[in-house]
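*Asks:* what shape does this take:
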Amino acid sequence: MNRFINAVLLFLFIPTLLVTIFVGFDLPIRILRTSGANLPYREEVLMGLGLFFFIILLRRSLRRWMGMRLVSRIEKFKWNTVVSAERKKRVVVYTILEGVIMGCAGLALYIIAPEAWTPALALGLGALDDFIFTLIGRGNNSWRIGLSSKALVIADREVVVLYFTGLRRVSIHQQSIYFDYIKGLQLSFPSDCIEDREREAFFKVLEEQFDPERVYVSKKW
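*Replies:* Numbers count the residues shown, from 1 in each chain. Purely as a prediction, here's the structure:
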């Protein structure tokens, strides 16, 4: 999900940057017989693009914080543990890098054209949210994986919820654990979320949540 959202943000950033460059450098727009600085509704267009940034980043932020809060309620789960140290390091690096890129992109938009303050502000707030999320999640051991009677929940920079309804097979391939459902649906999560010493306990509790005659579990790493 996080990759998809970043792809959407990049797709949205390209036209935003183009409009900002035309406006900031007052480049001619021959098809409209005008220039960037005289482009009609330029502020409204940039505000609209900024609003899209706000909506996308707010949705991701809420999903992350709600997922982290949910999985931190340890008493609600039959098995719950902190994500592995390897996974935690990767989450920290990727999230900080993501925040730095968004912050620099927002600053660049505002420097080129102050009229682009709305998308610049949205990206700046998104970067700030990344930094705060990283600080709190890493410091409080809030990035966790929890197993209940109905679903498996993984919450760090990605939030993954895998329900057991319709599940037919659990298998491991390379660096992912796959959940295969009826009608050909397949979902997965990174196997490095779980520390090596916790894997046996994880599968033991997992197998207790469904009928072994209906769900095949392969535990070969």
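*Asks:* I'd like to know how far the residue of the chain most remote from its centre sits from residue 39.
*Replies:* Most distant residue from the mean C-alpha position of the chain: residue 33, 41.6 Å away (CA atoms, centre = their mean). As judged by CB to CB, to the nearest Å, residue 33 and residue 39 stand 11 Å apart. Glycine gets a C-beta too; all of them are placed from N, C-alpha and C.
*Asks:* next one: residue 95
*Replies:* Separation of residue 95 from residue 39 (CB to CB): 36 Å.
*Asks:* of those two, who's got more company?
*Replies:* With neighbours defined as other CB atoms under 10 Å, residue 95 and residue 39 compare such that residue 95 has more, 21 against 18.
*Asks:* tell me which helix or strand the more buried one sits in.
*Replies:* Taking DSSP states H and E as the criterion, residue 95 maps to helix 85-112.
*Asks:* quick one: that helix to chain centroid distance?
*Replies:* Centre-to-centre, helix 85-112 and its host chain are 12 Å apart (CA atoms, centre = their mean, to the nearest Å).
*Asks:* check stretch 150-159 too.
*Replies:* Distance of stretch 150-159 from the chain centroid (CA atoms, centre = their mean) equals 11 Å.
*Asks:* contact partners for residue 155?
*Replies:* Counting by CB atoms under 8 Å, 6 or more residues apart in numbering, residue 155 touches 64, 67-68, 70-71, 142-146.
*Asks:* need the next SSE after whichever strand or helix holds residue 18, C-terminal direction.
*Replies:* Taking DSSP H and E as the criterion, residue 18 maps to helix 2-24. Note on helix 2-24: by DSSP H and E, the next helix or strand toward the C-terminus is strand 28-29.
*Asks:* mind listing what that following strand pairs with, with the direction of each?
*Replies:* Within its sheet, strand 28-29 is paired with strand 34-35 (antiparallel), according to DSSP bridges.
*Asks:* after the partner strand, which helix or strand is next?
*Replies:* Next helix or strand after strand 34-35 toward the C-terminus (DSSP H and E): helix 42-71.
*Asks:* any idea how far residue 172 is from the residue nearest to residue 156 when sequence neighbours are not counted?
*Replies:* Residue nearest to residue 156 in three dimensions, not counting chain neighbours: residue 143, with 3.8 Å by CB to CB, 6 or more residues apart in numbering. From residue 143 across to residue 172, the span is 21 Å (CB to CB).
*Asks:* of those two, who's got more company?
*Replies:* Taking other CB under 10 Å, residue 143 and residue 172 do not tie; residue 143 has more neighbours (27 against 17).
*Asks:* from residue 213, how far off is the more buried one?
*Replies:* Here the criterion is CB to CB. By it, residue 143 lies 35 Å from residue 213.
*Asks:* go on, residue 114?
*Replies:* Distance from residue 114 to residue 213, by CB to CB: 66 Å.
*Asks:* likewise residue 173?
*Replies:* From residue 173 across to residue 213, the span is 23 Å (CB to CB).
*Asks:* how about residue 204?
*Replies:* Distance check for residue 204 against residue 213: by CB to CB, it reads 17 Å.
*Asks:* try residue 46
*Replies:* In this view, residue 46 and residue 213 are 59 Å apart by CB to CB.
*Asks:* grab the nearest non-local neighbour of residue 96.
*Replies:* Closest to residue 96 by CB to CB, 6+ apart is residue 134, at 5.9 Å.
*Asks:* pLDDT score assigned to that neighbour?
*Replies:* Looking at residue 134, its pLDDT is 96.
*Asks:* likewise for residue 36?
*Replies:* Note for residue 36: predicted pLDDT of 68.
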